[in-house]
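J.: Everything below, folded, please.
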Amino acid sequence: MVNMGELFAYPRIKNIQMDLVPVEDKEKHFQLEPGDLLFARQSLVLSGAGQCSLFLGNRQPTVFESHLIRCRLDTSRANPAFYFYFFRSPGGRRAMEEIVEQGAGASGIRGSDLVNLLVPFPAKKVQDAIASVLSTLDDRIALMRETNATLEAIAQAIFKSWFVDFDPVHAKQQGRIPEGMGEATAALFPDSFIESELGLLPSGWRKAALGDVVETLGGGTPDTKESSYWVPAEYCWTTPKDLSGIQSPVLLDTERKLSAKGVSKISSGLLPTGTLLMSSRAPIGYLAITQMPMAINQGYIAMLPGSILPPLYMLFWCQRNMDTIKSHANGSTFMEISKRSFRPLPILVPPPDLLDAFVAVAESIFGRIVENEKQARTLVAVRDILLPRLISGQLRLPEAESLIDEVAA
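T.: Numbers count the residues shown, from 1 in each chain. Model (predicted):
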């Protein structure tokens, strides 16, 4: 173990409030460089006092402001990525908690305390190897999440082309063959438009109130003081908090679970797999499709499978119309969109055969998103298991690499 200050590239931590870009000459001393560690001074920043981030670089000169402490290490002796992972480990968080000061309403850290913090100091080659293993896992996770973002964008583009821009209808109206689809799918689109309150609509399509074509339900919260509603914890129960950190519109698990008795206290009960959830308050607009039966609290509007407009259609419709949805919210303490306000919203209803064709395409894409998200979660779990063991030396690198290869196979 060594004092953190012994690893610095200069004798003291420097920080200043500065957010001008491009950086002027007088500010260059406070310009970030790749490999700089950034620590949140207070709990209101970066999810907690002492929360550590690693600056990887930016196309524009970047400086840091007064809520952050910059730590620049001597890279001949210390690998910044290794120490970034150390501060993410349980041991690193415990070490940071020891220097947190309890202030008025918010805890905080000081650079002078960070300098004296004891940290592990394995050989540089060991630091490099551990950082490489953990970085490789993070890279794989990031790649899967990037792939999912691309897949979701593809599905959104198809939805927009078919149901917003009406590209196939325009093509047929002009005597052209619709692009990007087979003859059977192209035949499902008309070749003309009709006037409506929503503007020009493809012939044969109709306008409806959302509540007439989508079954919507709300949820509830059993008494949290009644243990029999929560133990044994058997059935998933979700609040919008479960959706706040997800990377894709896929809900694979919930933080809390209910007993059978607890489920019975919620009028909507267990909702089926494939239900679309939209948070209806604080904030409005989180969206995800459930991957298992679950109950919901009162912070959601749930859209059930089996409706005229299926959840996958509604997922992309809600994404495109979220501003309209939010404009119908109200509330004095916080804004909320109620089912009563949500159900009358006007929506376009294509013919059933065309909806089926879209769902077939979207399900194929969404299925890949679900599988990628499951794999990413597995890798996150493996990383979180390996991280403290590698940092503490309890696990050897060859064993860790073997486990990663086994999971990724």
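J.: mind listing the helices for the stretch 301-409 of the chain?
T.: 311-320, 322-327, 339-342, 352-392, 397-408 (DSSP state H, counting those that start in this stretch).
J.: per-residue confidence averaged over the shortest one?
T.: This points to helix 339-342. Here helix 339-342 scores 96 as its mean pLDDT.
J.: For it, buried residues please.
T.: Neighbour counts over helix 339-342 (16 or more other Cβ atoms under 10 Å) mark Ser341, Phe342 as buried. Bear in mind the C-beta positions are built from the backbone N, C-alpha and C, glycine included.
J.: swap in the first one?
T.: Of the residues in helix 311-320, those scored as buried under the neighbour-count criterion (16+ other Cβ under 10 Å) are Pro311, Leu312, Tyr313, Met314, Leu315, Phe316, Trp317, Cys318.
J.: The last one and Pro122, how far apart?
T.: Right, the one you point to is Cys318. 50 Å (Cβ to Cβ, to the nearest Å).
J.: One more: the first one?
T.: Pro311 sits 50 Å away from Pro122, taking Cβ to Cβ as the criterion.
J.: same check, this time on the third one
T.: Counting by Cβ to Cβ, the separation of Tyr313 from Pro122 is 54 Å.
J.: before we move on, what about the fourth one?
T.: Using Cβ to Cβ, one obtains 52 Å as the distance from Met314 to Pro122.
J.: Who are the packing partners of the strand or helix carrying Glu152?
T.: Assigned by DSSP states H and E, Glu152 falls within helix 124-163. When contacts are defined as 3 or more Cβ pairs under 8 Å, 6 or more residues apart in numbering; DSSP states H and E, helix 124-163 packs onto helix 80-88, helix 167-173, helix 311-320, helix 352-392, helix 397-408.
J.: between it and helix 311-320, how many degrees?
T.: Interaxial angle, helix 124-163 versus helix 311-320 (axes from the mean of the first three to the mean of the last three Cα atoms, to 10 degrees): 100 degrees.
J.: Lys261: which of the helices of the stretch 301-409 of the chain is closest?
T.: Among these, the nearest to Lys261 by Cβ to Cβ is helix 339-342 (25.8 Å).
J.: mind saving the C-alpha coords of that closest one as PDB?
T.: C-alpha atoms of helix 339-342 as PDB (Å, rounded to 0.1, in the frame of the first residue of the first chain):
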ATOM      1  CA  LYS A 339     -54.600   7.100 -18.000                       C
ATOM      2  CA  ARG A 340     -57.600   9.400 -18.300                       C
ATOM      3  CA  SER A 341     -55.500  11.900 -20.200                       C
ATOM      4  CA  PHE A 342     -53.500   9.200 -22.100                       C
END
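J.: Now do stretch 206-222: distance from first to last residue.
T.: 40 Å (Cα to Cα, to the nearest Å).
J.: Can you pull out the residues in contact with that stretch?
T.: Stretch 206-222 has contacts (Cβ atoms under 8 Å, 6 or more residues apart in numbering) with 196-198, 201, 229-230, 258, 262, 265-268, 271, 280, 295-304, 306-309, 314, 339, 342-349.
J.: Now list the buried members of those residues.
T.: Buried among these by 16+ other Cβ under 10 Å: 201, 229-230, 258, 262, 265-266, 268, 271, 280, 295-297, 299-304, 307, 309, 314, 342, 345, 347-349.
J.: So which of these sit within strands?
T.: Of the buried ones among the contacts of stretch 206-222, the ones assigned to strands by DSSP state E are Leu201, Leu258, Ser280, Ala295, Ile296, Tyr300, Ile301, Ala302, Met303, Ile347, Leu348, Val349.
J.: Looking at those residues, spot the one nearest Gln247.
T.: Tyr300 (19.4 Å).
J.: and the closest one, what does it touch?
T.: By Cβ under 8 Å, 6+ apart, Tyr300 lies in contact with Gly218, Gly219, Thr238, Pro240, Leu277, Met278, Ser279, Ser280.
J.: and what of Pro190?
T.: Per Cβ under 8 Å, 6+ apart, neighbours of Pro190: Val169, Lys172, Pro202, Ser203, Gly204, Trp205.
J.: in the stretch 51-200 of the chain, what spans have low per-residue confidence?
T.: Across the stretch 51-200 of the chain, the ranges flagged by pLDDT under 70 are 101-107.
J.: repeat that with 80
T.: 63-66, 100-108, 110-112, 197-198 (pLDDT under 80).
J.: what's the domain layout of the protein?
T.: Recorded structural domains for the chain (assignment: automatic domain parsing) are 2-121, 210-349.
J.: so which of those comes closest to Leu143?
T.: With Cβ to Cβ as the yardstick, what comes closest out of these is domain 210-349 (12.0 Å).
J.: first to last residue in that closest one, what's the distance?
T.: Start-to-end, domain 210-349 (Cα to Cα) is 9 Å.
J.: can you check stretch 213-227 too?
T.: 39 Å.
J.: what sits against Val370?
T.: Here Val370 is in contact with Val250, Leu252, Gln291 (Cβ under 8 Å, 6+ apart).
J.: wouldn't the second one be in contact with Asn372 here?
T.: Read that as Leu252. No: checked against Cβ atoms under 8 Å, the pair Leu252 and Asn372 is beyond contact range at 11.5 Å.
J.: of those two, who's got more company?
T.: Between Leu252 and Asn372, counted using other Cβ atoms under 10 Å, Asn372 has the larger neighbour count: 20 against 16.
J.: Setting aside sequence neighbours, what's the nearest residue to the more buried one?
T.: Using Cβ to Cβ, 6 or more residues apart in numbering and skipping residues adjacent in sequence, the residue nearest Asn372 is Met144, 4.6 Å away.
J.: Next: Ile158.
T.: Nearest one to Ile158, counting by Cβ to Cβ, 6+ apart, is Val361 at 6.2 Å.
J.: Do you know the pLDDT at the one you found?
T.: 97.
J.: now it: how far from Leu309?
T.: For Val361, the distance to Leu309 equals 16 Å [Cβ to Cβ].
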